[in-house]
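Colleague: Got a sequence here, can you build the structure:
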Amino acid sequence: MAFNRSGEGRRLAKKNLPSTQRADAPINQEDSGMRNMVTRFWKDESGQGLVEYALILFLVSIVVIVALTTLGKKTNNVLNNVGKALNA
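Modeller: Now for the predicted structure:
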């Protein structure tokens, strides 16, 4: 049983209608191609691992930035004291 575009449940004989008038026919070729591309993209999981590694790298970089910001001042003071002691 095929449905027409208005959603009404009338039976349409597919063999008697041209392909552009059938209920299951795409509106145009671009619509069909776009629908296929979106469907393939939605089902494709090949980039999932890459995204997970990117998220881990992002989180690690945030932790490193925070650690260097907090410890950087203390480390700078220690190195300055060592430099002053060597010059004296």
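Colleague: how many other residues sit next to T75?
Modeller: Counted with other Cβ atoms under 10 Å, residues neighbouring T75 total 11. To be clear about C-beta, it is placed using only N, CA and C from the backbone, and glycine gets the same treatment.
Colleague: For it, give me the backbone phi and psi.
Modeller: Main-chain dihedrals, T75, degrees, to the nearest 10: phi -60, psi -40.
Colleague: Could you give the number of residues near L55?
Modeller: 10.
Colleague: What mean pLDDT does the helix or strand hosting it get?
Modeller: Using DSSP states H and E, L55 maps to helix 48-87. Helix 48-87 carries an average pLDDT of 91.
Colleague: Report the backbone C-alpha coordinates of stretch 62-77 in PDB.
Modeller: Taking Å, rounded to 0.1, in the frame of the first residue of the first chain, the C-alpha atoms of stretch 62-77 are listed here in PDB:
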ATOM      1  CA  ILE A  62      43.300  21.900  29.200                       C
ATOM      2  CA  VAL A  63      44.800  20.100  32.200                       C
ATOM      3  CA  VAL A  64      48.300  21.000  31.100                       C
ATOM      4  CA  ILE A  65      47.500  24.600  30.600                       C
ATOM      5  CA  VAL A  66      45.900  24.900  34.000                       C
ATOM      6  CA  ALA A  67      48.800  23.100  35.600                       C
ATOM      7  CA  LEU A  68      51.400  25.300  33.900                       C
ATOM      8  CA  THR A  69      49.500  28.400  34.800                       C
ATOM      9  CA  THR A  70      49.300  27.500  38.500                       C
ATOM     10  CA  LEU A  71      52.800  26.000  38.800                       C
ATOM     11  CA  GLY A  72      54.400  28.400  36.400                       C
ATOM     12  CA  LYS A  73      54.600  31.200  38.800                       C
ATOM     13  CA  LYS A  74      56.200  29.100  41.500                       C
ATOM     14  CA  THR A  75      58.600  27.500  39.100                       C
ATOM     15  CA  ASN A  76      59.600  31.000  37.800                       C
ATOM     16  CA  ASN A  77      60.400  32.200  41.400                       C
END
